[in-house]
Each structure stands twice: as structure tokens, then as C-alpha cells.
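In: Model the following, please.
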Amino acid sequence: MRRQYLRHFTRALKPRVSRSTHRGSSQNVSDSANKLISENSTLVSSPTERFHLELACLVLASHSYLVTLSLPADEIRAVLLEALLLPNQKAIRWGTKIMLALSRDPMNSLVNYSSKKIPAMYGRVFAFEEQRIGENTYTMRVTKCFYHEFFKAQGEPHLTQLFCEWDRNWIEPISVRKHRVRFTRLETIASGGSCCPFTFHRVT
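Out: Model (predicted):
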């Protein structure tokens, strides 16, 4: 993940800075991320959780580096979004499309994936609650977000919103017309909500 992240980071940064600045950007961010990972290693206790720590540290290190370059806030956000969203974007979108296309019941497939696989993929540094309303509505609530807690502790809570944007990679392939499923997320912890409610509605 780091290699892909840094590749997209430097690609997004290239047209915005001088050649000499661009040349050392990747190493600078990587070194800073390593220091952050070492300083915060006690926050996680498994390889799964360490992945989230490393990614958060990469984003924080990238943000800190871009601030030193005096780039405008919207340019900083654009670079970070490209670095975070693009790695594996095609594979994630394609995987979601294939899963839904091959499913006899896309709604059921999304519910099973959310219920059985998501908690294992995120580890104990996240917390989830499920709510089912009949067969037509299912909500997975994120009540504890490692990214938000990490960035808040680092004084940069706004960076959590970048990870909310990352969800577009798997959300956007869900089509009401094709799959008869409507997705909503009416609030997020990053935007001041009490939780992040990922809700799937079966369209009949």
C-alpha cells in the first residue's frame, strides 16, 4: 500500500512544485511516516490494525509536508485525495461490480459482506453496531473510528474526512436500477455525527 500511495502522491504533487522539491518528496513523507508509526505503535495490536495505523501516518506525514510547501488548502486536499483514493481503486470498484452482478440477491450480498467481513477487516480499533428492519433495510453503524481518534489526537481531525471519501470506491458501483439497492450515509463522525450509519435499502 505504501508504495502505491507514495507513487500517486508524487504524481499528484509533480505539477504543483519545483523539480527539486518533487524529487525528495517521497522519501521525506516516508521517513516522517516511519517516525509517526514508531511513536504510535502501542495504539494497535494486530497486523490488521497496524495497516490502518500505517495508512493514517502516511496521510498525516503527507499533510504536514504539504503544509511546509505553503500550498493552498484546496490543493493539499486534492493531492491527498488522489494519493488515498487511486491505489487499488479500479480493483475495488471492479470487485464490487462483480460481486453484485453475480449475486442472485445483491441486497443480501451487501448485508452479508458488511456483517461478516467488515469487522474482521478493520479490527478492534473500530466498533460496529448492526440494525435490521425487516428484510428491506439494514444499517451498519461505525460507532468508533480509529482514523478520527488518531487524527483528533494529532490535532488534525479534518483529515478523517479523506477516509470518508475513500468509501466512494465501493459505494459508487451500487446502482438502484441494476441492483435494486439504495445506499445512504446521512452523517459521519468526521462531520460531527454520533456515528457513521451505512444503510442499505432494498428497492421493491
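In: Run the chain-centre distance for the helix or strand of the chain with the lowest mean pLDDT.
Out: Here the helix or strand of the chain ranked lowest by mean pLDDT, DSSP states H and E is helix 19-23, holding a mean of 86. From the chain centre to the centre of helix 19-23 is a distance of 28 Å (Cα atoms, centre = their mean, to the nearest Å).
In: Ok, stretch 136-153 next?
Out: Using Cα atoms, centre = their mean, the offset of stretch 136-153 from its chain centre is 11 Å.
In: and that stretch, which residues are buried?
Out: With burial defined by 16 or more other Cβ atoms under 10 Å, the residues of stretch 136-153 counted as buried are 137-142, 144-152. Heads up, the C-betas are built off the backbone N, CA and C, glycines and all.
In: Among those, which one lies nearest to Tyr113?
Out: The shortest separation between Tyr113 and any of those is 9.8 Å, and it belongs to Met140 (by Cβ to Cβ).
In: who does the closest one bridge with?
Out: When bridges are assigned using DSSP bridges, the partners listed for Met140 are Glu130, Phe198.
In: Surely it is in contact with Lys116?
Out: No - in this structure Met140 lies outside contact range of Lys116 using Cβ atoms under 8 Å: 10.9 Å.
In: and the helix or strand just after the least confident helix or strand of the chain, how far from the chain's centre?
Out: Moving toward the C-terminus from helix 19-23, the first helix or strand encountered (DSSP states H and E) is helix 25-39. Mean-position distance between helix 25-39 and its chain equals 19 Å (Cα atoms, centre = their mean).
In: contact partners of helix 25-39?
Out: 2, 6, 9-10, 13, 17, 53-54, 57-58, 60-62, 64-65 (Cβ atoms under 8 Å, 6 or more residues apart in numbering).
In: Could you list the buried residues of it?
Out: Of the residues in helix 25-39, Ser25, Ser26, Val29, Ser30, Ser32, Ala33, Leu36, Ile37 count as buried by neighbour count, 16+ other Cβ under 10 Å.
In: So which of the buried residues of stretch 136-153 belong to strands?
Out: Judged by DSSP state E, strands contain the following of the buried residues of stretch 136-153: Thr137, Tyr138, Thr139, Met140, Arg141, Val142, Lys144.
In: Just confirm the first one contacts Phe198, I think it does.
Out: Read that as Thr137. No - Thr137 sits out of contact with Phe198 when judged by Cβ under 8 Å, with a separation of 11.8 Å.
In: for the contacts of helix 25-39, which one is nearest Ser45?
Out: Comparing the contacts of helix 25-39 against Ser45 with Cβ to Cβ places Leu53 closest, at 10.4 Å.
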